[in-house]
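In: Please find the sequence and the predicted model below.
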Amino acid sequence: MKKSFTYYIILAAAALWCLMLFLPPLTAAIEAPSSSVSKPIYRFYATICHQYETRSLHIFGYKIAVCARCFGIYAGFFAGCLLYPLIFKRQKFHGLSGWCLIGLPMALDVFFDVTGIHASTIITRLATGLFFGYGAAAIILPFLISGLSEIIYTKNILKGATNELKT
């Protein structure tokens, strides 16, 4: 019960993070031509992503909060969280070899683009980001669930809330 509650907290946080990525283009579309609300939101996300116009997905003519690769990473992580109970509980990915495996397509995409062998596109950025995010969920989620469960239940952070769930 404790670990499943923690899993749902992480799943909700991942879903909320992904939904928030659509807030800047939605507010920009609603408030156009002004940008008093969307501009600070874009600025917040600029601290974690370059947000290049040509490397970003667009909705209503406005780019989402992060580039295609970052969006892919976050969406892939969310998908990995959703599928965790079905797939990853049976199959574990560990350590450096797991990170190398999931990072390889992204590294190759960047390498091929930089060397001129193949131009990186929105599709390749999105696909490599999705693959990395999905794999990252497989590697990180067991540790997140365990660690967050320990913090919540040993520190009695949610003592009242968990007692209500038991009844």
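Out: Sure, I can see it. Numbers count the residues shown, from 1 in each chain.
In: my read: I145 touches T6, true?
Out: Yes. Here I145 reaches T6: they are 5.1 Å apart, a contact under C-beta atoms under 8 Å. Where C-beta positions appear, they are placed from N, C-alpha and C, glycine not excepted.
In: Next, please give the residue ranges for the strands of the chain.
Out: Ranges of strands in the chain, per DSSP state E, are 58-59, 62-63.
In: got the contact list for M106?
Out: R69, T128, G129, F131, F132 (C-beta atoms under 8 Å, 6 or more residues apart in numbering).
In: which ones among those are found in helices?
Out: Using DSSP state H, the subset of those located in helices is R69, T128, G129, F131, F132.
In: And stretch 122-135, how far out from the chain middle?
Out: 11 Å (C-alpha atoms, centre = their mean, to the nearest Å).
In: ok so, going back, can you tell me which of the strands of the chain is packed in deepest?
Out: The highest mean neighbour count among the strands of the chain, using mean count of other C-beta atoms under 10 Å, belongs to strand 62-63: a mean of 20.
In: Can you list the strands that that one pairs with?
Out: Strand pairing for strand 62-63, using DSSP bridges, gives strand 58-59 (antiparallel).
In: Next, the residues that contact the partner strand from outside, please.
Out: Contacts of strand 58-59 (C-beta under 8 Å, 6+ apart): F22, P25, L26, A29, I64.
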